[in-house]
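>>> next input, structure requested:
(2 chains)
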2 protein chains.
Amino acid sequence: MDLTKIKDIYASPNYNSKIVVAGWVRAFRGNRFIELNDGSTIQNIQCVITDSNLDTKKINVGSSLKIQGSLIQSIGKGQTFEIEVMDIEILGESDPDKYPIQPKKHSFEFLREQAHLRIRTSTFSAVMRIRSKLAFGVHQFFNEKGFNYVHTPIITSSDAEGAGEMFQVTTLNNNQNEKKGIDYSEDFFGKKTSLTVSGQLEAETYALGLGDVYTFGPTFRAENSNTSRHASEFWMIEPEMAFYDLNDNMDLAESFLKYVLKYIIDSCKEDLKFLDERLLKDQSQKPKNERDELSLIEKINFTIDNKFTRISYSDAFEILKNSNYNKKKKFNYLINEWGCDFQSEHERFLVEKHFKSPVIIYDYPSKIKSFYMRLNDDDKTVRAMDVLFPGIGEIIGGSQREERLDILKKRINEMGIDEKELWWYLDLRKYGTVPHSGFGLGFERLIMFCTGMQNIRDVIPYPRTPKNASF
Amino acid sequence: MDLTKIKDIYASPNYNSKIVVAGWVRAFRGNRFIELNDGSTIQNIQCVITDSNLDTKKINVGSSLKIQGSLIQSIGKGQTFEIEVMDIEILGESDPDKYPIQPKKHSFEFLREQAHLRIRTSTFSAVMRIRSKLAFGVHQFFNEKGFNYVHTPIITSSDAEGAGEMFQVTTLNNNQNEKKGIDYSEDFFGKKTSLTVSGQLEAETYALGLGDVYTFGPTFRAENSNTSRHASEFWMIEPEMAFYDLNDNMDLAESFLKYVLKYIIDSCKEDLKFLDERLLKDQSQKPKNERDELSLIEKINFTIDNKFTRISYSDAFEILKNSNYNKKKKFNYLINEWGCDFQSEHERFLVEKHFKSPVIIYDYPSKIKSFYMRLNDDDKTVRAMDVLFPGIGEIIGGSQREERLDILKKRINEMGIDEKELWWYLDLRKYGTVPHSGFGLGFERLIMFCTGMQNIRDVIPYPRTPKNASF
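Numbers count the residues shown, from 1 in each chain, chains lettered A, B, ... in the order given. This next block holds a predicted model:
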């Protein structure tokens, strides 16, 4: 008899039907009530043993069972239906004295060391189901819009991307007796190669042939900093659109975010509800003035329901400079001089206190932005944009790209980058250059926003951070 | 006025409407007829200049234009409609003496060196649009089936995957004065790390919590071999399903392949037609006995329409051994002894000559398969399966996984792998182990099958192979 997924039982319970379910025991009470979970949903199904002949000795938290029974209405509290057990097959035992995942609250730190088993907890299964649905929402959005998905290279010989420290990729160390001073011509690719920090430059080459494209793949940073927001390996989404100016780019970023967040609200109801309640419990233990104003689901809906406010860097600078927060020195970094970069606290002030909506800041000072962003006529700002969200600040960074060969070359030289490194990127401006734009979104930051998880290590199955590449 | 995509014009031509299109010039004939392509489709739109006041000097192959005009029925041959040009804006020029992509047939070898521009050719834009649609079809299939997408780690400290030579990931070389003998405790992750060759083992951990999962990400092999079928960086799809036995696994593999191929047939009609005709032209230049029996689209439909034949290794061995091909020594490798691995020529014989259907071979000799495959009661075969396709042989390899702790440990020891390396993998068999199965599919092999491209370098935007990591 085919297995029925617990998710399908909840979607349309077929009373008095015989069914077979299989999953892992989350709890076993009174030698009678099994809470079984199969990963298809956050909800367990209660299986009730009434036949005293059934052997229950090997039923423990963590053991895996195949249960045959009849779906009946439950008279107990907490569930509307349950399975009256007819037969149990023990698929795999679990020694209750050794199994690390007990039916109690474990710290996230402890669970990171059990990353292969933490997926069997409610919190992590909810987070990872949301991660999966978010990824699908991303692909579906771009597919519906006619974008082409491009797999830009992971191993790169370019170090002009400039987004951060890079990991080297080599086979030289396989032969442990090389001399001091490394001869990269003998390396696998015949030169020094690294792990990509961004697929943008290659994505631009494809946008200037296919029109609208996006990347969605892993990127890497070898920065030796341990924070709750940075990982050495993370996934990025980078759309790139020919014939888009910065306004088109802002329109796309706004509709993209609203689409994927709406998709999550619609497709992950139970998981969001669980995480929302979890967070509310955490919040209730904090002093009142430190609690978030919005709950998790409210925060997501806040970004779906509100039009994103668009404001230039210069105007945002004035607002921040003249704000009470600045005057009363409530900011850790005071805003004094035009040209400074905004910190997360400033971004959140604009979103949460001033505008009470998501905000897009555009036309940033060129000095704090990358070489490929299009220079404005004022010669001091570039057509960059950052999208700011409540709770986290920047979620998207993008720009219209510099499509004029002479100005791009000037900017490359100013930054001290070797032009020859970027010959193919410059070719795009020599042959049929067009106005084009794009943006980048750190996928994990979006997951953290949707799940309320505070540490990036808890939204990645097997996170990689300095001194940690376990599993 | 908003831009109209050429694809949308072909989908529903709105005659006598004013439209604006933008794209790149593919051809310019008689100072009058522009073939414009915007990447949204393989089809160009013909734009006809009738106004002799328009300046056409800067219109060349490769230049980018914005054209305003009126969509009218064409009286010329080769197209049913065309744009009567009212205004042209030159967005980017293209020096006809320098632009590498001319309106003639370039060799694939030449185009690989112009990988940033080859996407502007019909062949590569068709291949890469199909690549993108195939990826979406993969995600859609698994999403519809309730699978969760898992991002398994790219950087790994495990070298027990055993699928091939690995690239090292390091920051030690950033500091070029290390001594002979490398102290990995000083490396970024505090130990030796490499690029993953497979996400399977980590995917198994997630299947044993979420039920049905799949990976779809880049994998790496540092094998120093230059063939048309191997790249150092390629994308793999690896589903992993709790409670699936090998038969369920075969069912899933068959329905998966049929689904994505049907999706391509439905969504990439024009691109497939173009590639089909391209291949037919190539074939017509070959001697008759060397031509493929099936055209590209026929080959795809062959796999959609036929039930996959399932046969054990031992039975397949007998068929091959007793075949006329073997007896008349038409095989390069003759089939004599039970236990040998089948070559592509044998696989193709079974598919194309003997069964005339895709074939799944199962229950392979354990000696030629991996440690994690479930041992049969005969003690000499494992529950492995390979799916074989016309033209290419193996497209999928999979197995039911060994879920029994004692037998798995024995196999690990036999293979000389250090048990401690796999402590977390063994944990899955200690705590709630369940029967489970999965398979792996090299994404590029699927693209090659769908596009008829003969070299893996031509289905990857920026291929990485020994001594080549350009762009």
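>>> which SS class is residue A:319?
Three-state call for residue A:319 (DSSP: H, G, I helix; E, B strand; the rest coil): helix.
>>> that one reaches residue A:354, doesn't it?
Yes - here residue A:319 lies in contact with residue A:354, judged by Cβ atoms under 8 Å, at a distance of 6.2 Å. Using the backbone N, CA and C atoms, a C-beta is placed for each residue, glycine as well.
>>> tell me the SS of the residue of chain A positioned farthest from its centre?
Farthest-out residue of chain A from its mean C-alpha position, per Cα atoms, centre = their mean: residue A:53, at 49.0 Å. Assigned with three-state DSSP, residue A:53 falls in the coil class.
>>> could you do the one 4 residues further on as well?
Using three-state DSSP as the criterion, the local structure at residue A:57 reads coil.
>>> quick check, pLDDT for it.
On pLDDT, residue A:57 comes in at 93.
>>> mind checking how far residue A:313 is from residue B:55?
Separation of residue A:313 from residue B:55 (Cβ to Cβ, to the nearest Å) stands at 39 Å.
>>> those two: who's more crowded?
residue A:313 (23 against 8; other Cβ atoms under 10 Å in any protein chain shown).
>>> what sits against that one?
Residue A:313 is in contact with A:361, A:362, A:363, A:364, A:365, A:381, counting by Cβ atoms under 8 Å, 6 or more residues apart in numbering or on different chains.
>>> if we go to 7 Å?
Counting by Cβ atoms under 7 Å, 6 or more residues apart in numbering or on different chains, residue A:313 touches A:361, A:363, A:364, A:365, A:381.
>>> neighbours of residue A:369, how many?
Residues near residue A:369, counting by other Cβ under 10 Å: 18.
>>> actually, residue A:158.
Count around residue A:158 with other Cβ under 10 Å applied: 21.
>>> I'd like to know how many residues surround the closest residue to it other than its chain neighbours.
Of all residues not flanking residue A:158 in the chain, residue A:421 sits nearest, at 6.2 Å (Cβ to Cβ, 6 or more residues apart in numbering or on different chains). Neighbourhood size, residue A:421 [other Cβ under 10 Å]: 14.
>>> which residues sit in contact with residue A:38?
A:5, A:6, A:21, A:22, A:23, B:211.
>>> run the last query once more with 10 Å
For residue A:38, the contact set (Cβ atoms under 10 Å, 6 or more residues apart in numbering or on different chains) comprises A:3-7, A:9, A:21-24, A:44-45, A:64, B:209-212, B:242-243, B:434.
>>> ok, residue A:392 to chain B distance?
Residue A:392 sits 20 Å away from chain B, going by Cβ to the nearest Cβ, to the nearest Å.
>>> what about the closest residue to that residue other than its chain neighbours, neighbour count?
With sequence-adjacent residues excluded and distances taken as Cβ to Cβ, 6+ apart, residue A:392 is closest to residue A:449, at 5.7 Å. Here the number of neighbours of residue A:449 (other Cβ under 10 Å) works out to 23.
>>> thinking again about what came up before, now, the contacts of residue A:38 that are in helices?
Using DSSP state H to define helices, the subset of these located there is A:6, A:7, A:9, B:209, B:210.
>>> and the end-to-end length of stretch A:395-415?
Distance between the two ends of stretch A:395-415: 26 Å, counting by Cα to Cα, to the nearest Å.
>>> average pLDDT for it?
96.
>>> buried set for that stretch?
A:395-403, A:408-409, A:411-412 (16 or more other Cβ atoms under 10 Å in any protein chain shown).
>>> thinking again about what came up before, from the ones in helices among the contacts of residue A:38, pick the one nearest residue B:151.
For the ones in helices among the contacts of residue A:38, the minimum distance to residue B:151 (Cβ to Cβ) is 13.1 Å, reached by residue B:210.
>>> now the closest one. Nearest residue, chain neighbours left out?
In this structure, residue B:210 finds its nearest non-sequential neighbour in residue A:39, 3.8 Å apart by Cβ to Cβ, 6+ apart.
>>> ok, back up a step: want to throw the contacts of residue A:313 into CSV with distance to residue B:218 and neighbour count?
As requested, the contacts of residue A:313 are arranged in CSV below (distance: Cβ to Cβ, whole Å; neighbours: other Cβ atoms under 10 Å in any protein chain shown):
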residue, distance to residue B:218, neighbour count
A:361, 34, 24
A:363, 36, 20
A:364, 32, 25
A:365, 36, 17
A:381, 37, 22
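>>> okay if I get the residues you listed as JSON lines plus pLDDT and distance to residue B:60?
Output for those, formatted as JSON lines (pLDDT from 0 to 100; distance: Cβ to Cβ, whole Å):
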{"residue": "A:361", "pLDDT": "98", "distance to residue B:60": "40"}
{"residue": "A:363", "pLDDT": "98", "distance to residue B:60": "34"}
{"residue": "A:364", "pLDDT": "98", "distance to residue B:60": "36"}
{"residue": "A:365", "pLDDT": "98", "distance to residue B:60": "38"}
{"residue": "A:381", "pLDDT": "98", "distance to residue B:60": "34"}
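>>> measure the nearest residue to residue A:2 once chain neighbours are set aside to residue A:443 for me?
Sequence neighbours aside, residue A:20 is the residue nearest to residue A:2 in space, at 7.1 Å (criterion: Cβ to Cβ, 6+ apart). To residue A:443, residue A:20 is 37 Å away according to Cβ to Cβ.
>>> the more surrounded of the two?
residue A:443 (22 against 17).
>>> which ones are touching that one?
Neighbour list for residue A:443: A:131, A:134-135, A:138, A:216-219, A:234-237, A:459-460, B:151 [criterion: Cβ under 10 Å, 6+ apart].
>>> same thing but 6 Å
By Cβ atoms under 6 Å, 6 or more residues apart in numbering or on different chains, the contact list for residue A:443 reads A:235, A:237.
>>> that one and residue A:233, how far apart?
Distance from residue A:443 to residue A:233, by Cβ to Cβ: 11 Å.
>>> returning to what we had before: assess the claim that the residue nearest to residue B:210 and residue B:212 are in contact.
No - applying Cβ atoms under 6 Å, one finds residue A:39 not in contact with residue B:212, separated by 7.9 Å.
>>> for the stretch 101-250 of chain A, which residues are neighbours of chain B?
When proximity is defined by Cβ under 6 Å from any Cβ of the partner chain, the stretch 101-250 of chain A lies next to chain B at A:116, A:119-120, A:129, A:132, A:135-136, A:139, A:143, A:148-151, A:153-155, A:157, A:167-171, A:173, A:182, A:188-190, A:193, A:205-206, A:209-211, A:218, A:222, A:233, A:235, A:243.
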